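**Q** following is a predicted model, sequence given first.
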Amino acid sequence: MSDDESDAGSQGEGAGLGSYDGERNEQKERHGKGKAILPNGDTYEGEYRNGKRSGQGLYRFKSGGKYQGEYLDGVKHGQGLFVYPDGSQYEGQWAKDQRTGEGTYTYVTGDAYKGLWEKNVKHGQGTYTYKDGTKSIGIWVHGRRQGSGEIFYNGFTYRGMFHANEPTGDGTFVFPSTDSSEPMEQTGEHIVVMPPVRDDDEVENADIRLEDTQRRWRPIEVGPPGYKSEESPASAATLS
């Protein structure tokens with residue numbers, strides 16, 4: 001199951017839906033601790049309040065997934081662990097049946113995101129760690145990298161701005177020290193390179209599509225970490 005797939009079995013079970021073995025209140029509603037088998041084959045074991053799942057519980061999906069954690073008024077709300085049928089999992093905060101708050105999602109690829117969520121998407125400060133150890137730290141807005149951030153890869157560090165998941169504008173690479181050199185810092189900028197348009201292209205085919213553009217790193221200067229100066233006209237002419 002993908003990390004944005006909706007979850008079945010979120011609402012409370014009404015009378016006559018599946019089987020139930022457990023405590024009830026004076027109104028004969030499921031209330032207290034109990035175990036239910038739903039018509040679709042899913043099961044729930046945990047706490048109820050006035051006919052709805054509320055409190056701690058374990059919900060097992062017939063498909064193989066499971067959720068263990070807090071419920072409120074029949075939906076996931078509070079702290080909980082959701083293990084999806086494909087092996088990916090999310091552990092963290094929920095609000096009104098959606099990943100909202102702080103939590104960690106581990107993907108089947110071995111990648112993981114730890115940070116803030118809102119309505120099932122990454123939103124706020126977080127860290128995305130790739131299987132190979134690369135880390136991307138910064139801010140997500142509605143599931144996409146936005147604003148300032150850092151990338152750590154194989155000893156190298158990049159600091160700069162991001163827009164719609166892509167690095168943009170000014171940035172800095174920091175190179176680690178080696179046996180023969182001290183750490184070095186390279187400042188530069190990401191520029192957008194537009195695809196060429198051939199003279200014989202039809203007018204309707206000459207539109208430049210966003211996905212055809214490329215971002216290219218344009219270095220400006222190199223120096224020890226923390227060293228920055230204004231780009232000189234000579235260096236600009238050399239690099240252009």
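**A** Yep, that arrived. Numbers count the residues shown, from 1 in each chain.
**Q** low-confidence stretches in this structure?
**A** 1-16, 194-213, 227-240 (pLDDT under 70).
**Q** please repeat the previous calculation with a cut-off of 50.
**A** 1-9, 12, 14-15, 201-210, 230-240 (pLDDT under 50).
**Q** could you pull out the helices in it for me?
**A** 233-239 (DSSP state H).
**Q** look up how far Phe152 lies from the most far-flung residue of it relative to its centre.
**A** Residue farthest from the centre of the chain, counting by Cα atoms, centre = their mean, is Glu26 at 44.6 Å. Here Glu26 is placed at a distance of 59 Å from Phe152 (Cβ to Cβ, to the nearest Å). Every residue, glycine included, has its C-beta placed from N, CA and C.
**Q** what's the burial count for the nearest residue to Asn25 once chain neighbours are set aside?
**A** Spatial nearest neighbour of Asn25, excluding adjacent residues (Cβ to Cβ, 6 or more residues apart in numbering): His31 at 3.7 Å. Counted with other Cβ atoms under 10 Å, the neighbours of His31 add up to 19.
**Q** check contacts around the nearest residue to Pro219 once chain neighbours are set aside.
**A** Excluding its sequence neighbours, the residue lying closest to Pro219 (Cβ to Cβ, 6+ apart) is Gly188, at 4.2 Å. Counting by Cβ atoms under 8 Å, 6 or more residues apart in numbering, Gly188 touches 170-173, 217-220.
**Q** most neighbours among those residues, which one is it?
**A** Neighbour-wise, the contacts of Gly188 (other Cβ under 10 Å) top out at Gly171, 22 neighbours.
**Q** please name the bridge partners of that one.
**A** Counting by DSSP bridges, Gly171 is bridged to Gly160, Gly188.
**Q** picking that back up, and the contacts of Gly188, which two are furthest apart?
**A** The largest separation in the contacts of Gly188, counting by Cβ to Cβ, is between Thr172 and Arg218 at 12.8 Å.
**Q** how near is Gly64 to Ser88?
**A** 12 Å.
**Q** of the two, who's got more company?
**A** Each of Gly64 and Ser88 had its neighbours counted (other Cβ under 10 Å), and the higher figure belongs to Ser88 (19 against 12).
**Q** how far away is the more buried one from Thr106?
**A** Following Cβ to Cβ, the distance that separates Ser88 from Thr106 is 6 Å.
**Q** repeat for Ala36
**A** 29 Å.
**Q** just want to know which of the two has more residues nearby.
**A** Neighbour totals were compared for Ala36 and Thr106, and Ala36 leads with 22 against 19 (other Cβ under 10 Å).
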